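Engineer: 3D, please:
(chains A, B and C)
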Amino acid sequence: MVRDRRYWLVKSEPAKYSIDDLAAEPGQRACWDGVRNYQARNFMRDEMRLGDGVLFYHSAVQPPGVAGTARVVREAYPDSTQFDPDSPAYDPRARPDEPRWWMVDLKLTRRFERLIPLAELRATRGLEAMLLLRRGQRLSVMPVSAEQWRIILSLADA
DNA sequence: GCCAACGTTGGC
DNA sequence: GCCAACGTTGGC
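Structural biologist: Just a heads-up that it's a prediction; the model follows:
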């Protein structure tokens, strides 16, 4: 029995890694490494499944917003950067036989014609409960409901 | 650049 | 286990 497709939102600072960078990857797919927050990790490791939909969000940029969508094309496996002393995401506490951090692979599915700005999300009926819009919320990987997904795609097409 | 919010660390 | 100090995130 296959569970229903689920939806997520991942944040990235475009100065570090933008949706254009994902588009430029071979096969337009990449491993989503460097996540160093336990709650975000748990979502990736325990709940993200092949085929799930992902909103690609640009943060720490003016304006912030949703830039497009991706799909989970590989489920969680150990994040290799945790073992790499040269990586900024290196974690000396992690051991290969007991990885602490995990990543998934994402593949670009769509680059929106226009960025959907955070302010527009805030002003859109039906999105009031979005986790992203909670004040002080800093998760870099978070769930999105099917309804929220549908509404945001409709904004992209509007 | 500011700063609120929040997660993590580490002394006790 | 508590909690103060500290670091980071990320909107503004």
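Engineer: can you name the residue of chain A nearest DNA strand B?
Structural biologist: Ranked by CB to the nearest atom of the strand, the top residue of chain A for proximity to DNA strand B is residue A:136, at 1.9 Å. From N, CA and C alone the C-beta is placed, and that goes for glycine too.
Engineer: count the neighbours of that residue for me.
Structural biologist: 4 (other CB atoms under 10 Å).
Engineer: and it, how far is that from residue A:80?
Structural biologist: 31 Å (CB to CB, to the nearest Å).
Engineer: is it true that residue A:74 touches residue A:50?
Structural biologist: Yes. With contact defined as CB atoms under 8 Å, residue A:74 reaches residue A:50; the gap is 7.3 Å.
Engineer: where is the longest helix in chain A?
Structural biologist: In chain A, taking DSSP state H as the definition, the longest helix is helix A:146-157.
Engineer: so who does the most far-flung residue of chain A relative to its centre touch?
Structural biologist: Within chain A, the residue lying farthest from the chain centre (CA atoms, centre = their mean) is residue A:97, at 26.2 Å. By CB atoms under 8 Å, 6 or more residues apart in numbering, no residues touch residue A:97.
Engineer: ok, longest strand in chain A?
Structural biologist: Ordering each strand of chain A by length in residues (DSSP state E) puts strand A:102-117 first.
Engineer: now that one and helix A:146-157, what's the angle there?
Structural biologist: Computed by axes from the mean of the first three to the mean of the last three CA atoms, to 10 degrees, the angle separating strand A:102-117 from helix A:146-157 equals 50 degrees.
Engineer: now strand A:102-117: average pLDDT?
Structural biologist: Mean pLDDT, computed over strand A:102-117, is 97.
Engineer: wondering if the helix or strand following it reaches DNA strand C at all.
Structural biologist: Downstream of strand A:102-117, the first helix or strand assigned by DSSP states H and E is helix A:118-123. Yes. Using CB under 7 Å from any atom of the strand, helix A:118-123 reaches DNA strand C at A:118-119.
Engineer: which parts of helix A:118-123 are buried?
Structural biologist: Buried residues in helix A:118-123, counted by 16 or more other CB atoms under 10 Å: A:118, A:120-121.
Engineer: chain center to it: distance?
Structural biologist: 18 Å (CA atoms, centre = their mean, to the nearest Å).
Engineer: what comes into contact with the following helix or strand past it?
Structural biologist: Per DSSP H and E, the first helix or strand lying C-terminal to helix A:118-123 is strand A:141-144. When contacts are defined by CB under 8 Å, 6+ apart, strand A:141-144 is touched by residues A:6-11, A:35, A:37, A:40-41, A:43-44, A:47, A:55, A:130-132, A:152.
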